[in-house]
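> Build me a model:
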Amino acid sequence: MLKRTILVIFRWWKISLRSEYRSTKPGEIKESHEDFLENSRLQVQVALIFGTRILDYVFNLCEGKFDFLERLSDNLLLSIISYLDLEDISRLSQTSHRFAKLCMSDKLWEQIVQSACDNITPDMRALAEDMGWRQMFFTNKLQLQRQLRKRKQRQESQRDGPL
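Numbering: from 1, shown residues only. Have a look, this model is predicted:
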């Protein structure tokens with residue numbers, strides 16, 4: 001039975017206007033996962049060039065820890081999160097910076113409000129744009145009606161303005 005060796009391949013190119021570097025070929029280092037985990041010099045280079053987040057990601061891959069959520073787009077994650085209960089959204093927001101940002105995003109709360117409301121009028125949409133969809137979701141109905149009335153009155157007074 002053949003054992004497959006999975007490699008971390010690190011390639012680099014020298015980019016320069018100097019003529020002595022024009023014929024320089026790209027460099028390459030191939031390391032097995034085990035060797036990469038022990039090669040601190042290569043790890044430092046990866047961290048310097050790509051950042052610690054990518055280094056951590058490569059570490060996890062080398063250790064067999066695959067984070068499939070990390071590879072999903074924000075839009076897809078927002079769609080999934082919008083189906084969670086409020087308590088679960090609150091808990092999810094505490095798991096990472098990325099999920100905290102997604103769970104607080106106006107885009108998510110707009111989806112949640114739209115799924116909770118039968119009809120969103122243009123006035124409600126404009127109010128949500130002003131105050132934020134999350135704030136709108138957690139504001140009780142009477143307060144929203146009062147704010148919509150005030151908003152309409154302001155718009156009418158601005159329209160009628162000084163003659």
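
> going forward, measure contacts between C-alpha atoms and count neighbours the same way
OK.

> Now do the strands in the protein.
Assigned by DSSP state E, the strands in the chain fall at 7-12, 27-32.

> okay, these in a markdown table with mean neighbour count, mean pLDDT and distance to residue 86 next?
Formatted as a markdown table, the strands of the chain follow (neighbours: other C-alpha atoms under 10 Å; pLDDT from 0 to 100; distance: least, C-alpha to C-alpha, whole Å):
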| stretch | mean neighbour count | mean pLDDT | distance to residue 86 |
| --- | --- | --- | --- |
| strand 7-12 | 13 | 82 | 41 |
| strand 27-32 | 13 | 87 | 44 |
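
> Of those strands, which is nearest residue 85?
Closest approach to residue 85 among these (C-alpha to C-alpha): strand 7-12, 40.2 Å.

> which other helices and strands contact that closest one?
strand 27-32, helix 33-38 (3 or more C-alpha pairs under 8 Å, 6 or more residues apart in numbering; DSSP states H and E).

> Take the strands of the chain and lay them out in TSV including distance to residue 93.
Below are the strands of the chain laid out as TSV (distance: least, C-alpha to C-alpha, whole Å):
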stretch	distance to residue 93
strand 7-12	32
strand 27-32	36
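
> now for these, which one comes closest to residue 118?
strand 7-12 (51.9 Å).

> tell me the angle that closest one makes with strand 27-32.
Relative orientation of strand 7-12 and strand 27-32, computed by axes from the mean of the first three to the mean of the last three C-alpha atoms, to 10 degrees: 170 degrees.

> strand partners of strand 7-12, parallel vs antiparallel please.
Sheet pairing here is set by DSSP bridges, and for strand 7-12 it gives strand 27-32 (antiparallel).

> next one: the strand it pairs with to chain centre, how far?
How far strand 27-32 lies from its chain's middle: 31 Å, per C-alpha atoms, centre = their mean, to the nearest Å.

> before we move on, what about stretch 117-131?
Per C-alpha atoms, centre = their mean, the centroid offset for stretch 117-131 relative to its chain is 25 Å.

> before we move on, the earlier item: of the strands of the chain, which is nearest residue 138?
strand 7-12 (48.0 Å).

> chain center to that closest one: distance?
27 Å.

> Over to stretch 79-90?
Relative to the mean C-alpha coordinate of its chain, stretch 79-90 is positioned 15 Å out (C-alpha atoms, centre = their mean).

> Give me the contacts around it.
Identification of contacts with stretch 79-90 by C-alpha atoms under 8 Å, 6 or more residues apart in numbering yields 103, 108-109, 111-112.
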